[in-house]
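Asker: next one to model:
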Amino acid sequence: MTVSLRGTREVQDNYQIFRLTGLLDAFSEPTFRKVIGTYIDEGPCDVILVLSQIDFIDSSGLGALVQLVKKAQNNQGSLQVVTNPRVTQTVKLVRLEKFLSLQANLEDAIASLKKKKK
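Answerer: The predicted model follows:
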């Protein structure tokens, strides 16, 4: 994606998994939002962002996550965020933990997606 943010994409049955490493900040946010947003439009619309290897997230990154949740919901999908303590702390500071569907690990995120589809 950018020098400071790298990632991979994997498509499963009816959802996509993005594994990201690096920094989700003002520098990487525009590309991050555009790339993930394009994949949400292409489908599947249920997305799991694995941010457990993210070293830093700032307000720009949080704003992008909020926009991507809304984009997924507008496409009848959802977005789950697999987090780490640093990301969780930043998200909780601005009280977005419920809205961003924070998950402890990939298995919990997949289970949460399957639960929502029932």
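Asker: all strands of this structure, in order?
Answerer: Secondary structure of the chain (DSSP state E): strands at 5-11, 16-24, 47-57, 79-82, 102-103.
Asker: so which of those is nearest Gly37?
Answerer: Gly37 lies closest, by Cβ to Cβ, to one member of the strands of the chain: strand 47-57, at 10.1 Å. All C-beta spots, glycine's among them, are computed from the backbone N, C-alpha and C.
Asker: render the CA-only coordinates of that closest one in CSV, please.
Answerer: Output in CSV follows, covering the C-alpha atoms of strand 47-57 (Å, rounded to 0.1, in the frame of the first residue of the first chain):
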residue,chain,number,x,y,z
VAL,A,47,-14.3,-7.5,5.8
ILE,A,48,-11.9,-8.4,8.6
LEU,A,49,-9.0,-6.0,9.1
VAL,A,50,-6.2,-7.7,11.1
LEU,A,51,-4.5,-4.8,12.8
SER,A,52,-2.7,-6.9,15.4
GLN,A,53,0.7,-6.0,13.8
ILE,A,54,0.0,-2.2,13.5
ASP,A,55,2.6,-0.2,15.4
PHE,A,56,0.7,3.1,15.4
ILE,A,57,-2.7,4.5,14.6
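Asker: what lies in contact with it?
Answerer: Under the contact criterion Cβ atoms under 8 Å, 6 or more residues apart in numbering, strand 47-57 has outside partners 15-25, 36, 39-40, 65, 68, 72, 77-84, 86-87, 90-91, 103, 105-106, 109-110, 113.
Asker: what subset of these is buried?
Answerer: Neighbour counting over the contacts of strand 47-57 (16 or more other Cβ atoms under 10 Å) leaves 15-25, 36, 39-40, 65, 68, 72, 77-83, 87, 90-91, 103, 109-110, 113 as the buried ones.
Asker: the residue nearest the centre of the chain and Leu102, how far apart?
Answerer: Geometric centre of the chain, nearest residue: Leu49, 3.3 Å, by Cα atoms, centre = their mean. Remark: distance between Leu49 and Leu102 (Cβ to Cβ, to the nearest Å) = 10 Å.
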